[in-house]
Each structure stands twice: as C-alpha cells, then as structure tokens.
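Visitor: mind looking at a prediction? Sequence and model below.
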Amino acid sequence: MVRAFLVVLLACSASVGLAEDHSVIKFTSPDGRFALRITADQKVDLIEKVSGNVMVDLGEVYRRYLSHPEETVLVWSADSKWTAYGTRGEREGDTAVYFWNGSAFDEIPLPEDLPGPDIKFRKEAGSIKNYGGAVKPLKWLKPGELEVSSDLMMLDRDDGATYTGVVVITIEFDAQHHGSVKKVGKTKTRISE
C-alpha cells in the first residue's frame, strides 16, 4: 500500500513539474531540427528540438519588452544553415548571425558600421535628441543573403515631435562568411506629434 502511494505521489510530482515548465518554443528551422526557446525566467536559447540541448546561449529577453514577444525574432535560411537572432529594448537592440557548420553554430559578425536611416527633418526642427534604434533581422532572401531593417528614433525637444526612420539593408556573406552590404533601400520617415 505504501509502495503504491509512493508511485502515485512520484507520478503526480513529475506531472506537476512538467506543467510548471513555462518555456515557449518557436521559430523552428525549416528542417525541424532547431528552434528558439524562451524560458519562464526570460532566458533565450537556440536549441536542438528533439533533445532540448542548448546549441547557443542567446542571453535574455530585454526586460522592457517582456510583454512584446514580437521584439524577439529568429529567422532561418531555407536550408536551415543560416539563422539571425534579434531582440531589442526601448532604445537599443542586438542582432547576431549564426552558421551551422555541421556540428555547431558559429557566430558570424555583421559588417561594421551598417548604414542607418537618413531621416529628413522639418525645416523648423529644433534641438534634436537621439532616442535610440536597432538593427532587426527580417528574412533570408537566400542562404548567405540576409535582409535587415535599421531604425532610429529622434526627438525634437522644441516641439515634441518624434521622427522615426527605417531603412532596409541587404547583407551578403561570402564563402568565408565575411559580411558586406549589398543594397541599401530608401529611408521611410514617420513623424509623430
């Protein structure tokens, strides 16, 4: 009787433990092998789905955007070998690119000094303050060719207008995985009063 009670107790505690795992798995690779995992304590990892093994520790979700999960993204190339991870806070963000070498993900640096938006201010704009911005991965056009957006927010201290500029940039990676800017789109500027 005691043995049966212990078996039931262990089974119940195991199911409670599973129920308490509030991890979110999303952004699965096209081949179904890898995905992004966000734990209840906001830790972010690139994992192997079947085993749950951590392939890359991606840090934590920016605290300001815990209620905005769309600010944390992982985009995959069609062949599942390239991935780009982006997360952001109120005024800043991080984007990292990884390449699957067959046994691990290698981090591949983005080109230095990516162009930012060329915001057009009104003629009467006064004292302008940089309010922050970030680069966000959008999609892989093909393996080794990534499209990102770069945004920048500026505040006119005199009239309170906020200028937000966004530009789309295409980055290509060569056979040695060196990134370079292939194309820069036209800046789109939005003004909020």
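Guide: That came in fine, so what should we check first? Numbers count the residues shown, from 1 in each chain.
Visitor: please make it C-alpha for all contacts and neighbour counts, starting now.
Guide: OK.
Visitor: for Glu147, list each beta-bridge partner.
Guide: On the basis of DSSP bridges, Glu147 takes part in beta bridges with Lys139, Thr170.
Visitor: hmm, it is touching Lys139, no?
Guide: Yes: contact between Glu147 and Lys139 holds when scored by CA atoms under 8 Å: they sit 5.4 Å apart.
Visitor: OK, contacts around Met154?
Guide: For Met154, the set of contacting residues under the criterion of CA atoms under 8 Å, 6 or more residues apart in numbering consists of 128-132, 162-164.
Visitor: returning to that earlier point: quick one: which of Glu147 and Lys139 has more around it?
Guide: Between Glu147 and Lys139, Glu147 has the larger neighbour count (other CA atoms under 10 Å), namely 21 against 18.
Visitor: now do the contacts for the more buried one.
Guide: Residues in contact with Glu147 (CA under 8 Å, 6+ apart) are 137-141, 168-171.
Visitor: right, and Asp45 touches Ile38 too?
Guide: Yes: with contacts counted by CA under 8 Å, Asp45 reaches Ile38, the gap being 6.7 Å.
Visitor: circling back to that earlier point, make CSV out of the contacts of Met154 and add distance to Ile119, neighbour count and secondary structure.
Guide: Shown next, in CSV, are the contacts of Met154 (distance: CA to CA, whole Å; neighbours: other CA atoms under 10 Å; DSSP: H, G, I helix; E, B strand; the rest coil):
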residue, distance to Ile119, neighbour count, secondary structure
Ile128, 12, 16, strand
Lys129, 13, 12, strand
Asn130, 12, 12, strand
Tyr131, 13, 16, strand
Gly132, 13, 16, strand
Thr162, 11, 19, strand
Tyr163, 7, 22, strand
Thr164, 7, 22, strand
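Visitor: ok, of the residues you listed, which one's closest to Pro111?
Guide: Relative to Pro111, the closest of those is Gly132; by CA to CA it sits at 19.6 Å.
Visitor: which one is that closest one nearest to, not counting chain neighbours?
Guide: Arg91 (4.3 Å; CA to CA, 6 or more residues apart in numbering).
Visitor: neighbours of the one you found, how many?
Guide: By the other CA under 10 Å criterion, the neighbourhood of Arg91 contains 13 residues.
Visitor: same deal with Ala78?
Guide: Counted with other CA under 10 Å, the neighbours of Ala78 add up to 15.
Visitor: burial count for the closest residue to Gly59 other than its chain neighbours?
Guide: Spatially, and ignoring its direct neighbours in sequence, Gly59 is nearest to Val44 (5.5 Å; CA to CA, 6+ apart). The local packing count at Val44 equals 22, with neighbours defined by other CA under 10 Å.
Visitor: ok, now which ones touch Val44?
Guide: 36-38, 57-61.
Visitor: which element is it on?
Guide: Take DSSP states H and E as the rule and Val44 turns out to sit in strand 43-48.
Visitor: any idea what Leu36 is bridged to?
Guide: The residues paired with Leu36 through beta bridges, assigned by DSSP bridges, are Lys26, Leu46.
Visitor: state the distance from it to Trp76.
Guide: Here Leu36 is placed at a distance of 11 Å from Trp76 (CA to CA, to the nearest Å).
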